[in-house]
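**Student:** coords below, sequence missing:
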């Protein structure tokens, strides 16, 4: 079964909007795991507008499933990751001012950078995943960088799903096939939700993990966190 990693950034956004410690991010991570999450994802950004560096450190001791830290491989990010030693790092090409991840790596143009960073993380047995668009050449580039996995950027699929889901999924099927040929496991994330998730994982057999935050936390407002996590798990 495809594993569900829950991105808890949005919970930190709510906390930071008011100050204080409500909702409690540590308790939220514990509850997500108790309710069935296979992992916890965070994406600390330089402006700390949601998950903070302190959160990243504090979560280390409470995540008993899988800890995935996303981010751009700046020197500060690399140092933090090596301190924390998460199970997985997902490298994204985000600039500091983006609201959310909005593009995959050009793994050919950035091969030297990615190869160097991935090599450093491998010294500490940290699994690496590279965030890419569903393009064959970028997946081949991820292999050249010695990544362990790719994460397919699924916004294009999610946007086109309601118009023609068959067409929307095709680039991702081809991308997953190429990843398998390259001996890369496949993660996926961005705008996956209750409406489009099941079709995605049924059509692509080798999705190891999906990372879902915004939609899942939004659904939990109406449906409750435990119930929502179980509903997503059933879709997988």
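**Tutor:** That came in fine, so what should we check first? On a predicted model such as this, the values are computed, not experimentally measured, just so you know.
**Student:** and the closest residue to residue 58 other than its chain neighbours, how many neighbours?
**Tutor:** When the adjacent residues along the chain are set aside, residue 58 lies closest to residue 26, with 5.9 Å between them (C-beta to C-beta, 6 or more residues apart in numbering). To be clear about C-beta, it is placed using only N, CA and C from the backbone, and glycine gets the same treatment. Close neighbours of residue 26, defined as other C-beta atoms under 10 Å, add up to 15.
**Student:** For the host helix or strand of residue 26, which outside residues touch it?
**Tutor:** Assessed by DSSP states H and E, residue 26 sits inside helix 25-34. Outside helix 25-34, the residues that touch it by C-beta atoms under 8 Å, 6 or more residues apart in numbering are 6, 8, 11-12, 15, 40, 51, 55, 58-59, 62-65, 225-226, 229.
**Student:** for the helix or strand containing residue 200, packing partners?
**Tutor:** When secondary structure is defined using DSSP H and E, the element that contains residue 200 is helix 197-203. With contacts defined as 3 or more C-beta pairs under 8 Å, 6 or more residues apart in numbering; DSSP states H and E, the secondary structure elements packing on helix 197-203 are helix 165-181, strand 207-212, helix 225-235.
**Student:** Tell me the first helix or strand C-terminal of the second one.
**Tutor:** Stepping forward along the backbone from strand 207-212, the first helix or strand reached (DSSP H and E) is helix 214-223.
**Student:** gap between that next one and the chain center?
**Tutor:** Average the C-alpha atoms of helix 214-223, do the same for its chain, and the two points are 17 Å apart (C-alpha atoms, centre = their mean, to the nearest Å).
**Student:** Brilliant, that's me finished.
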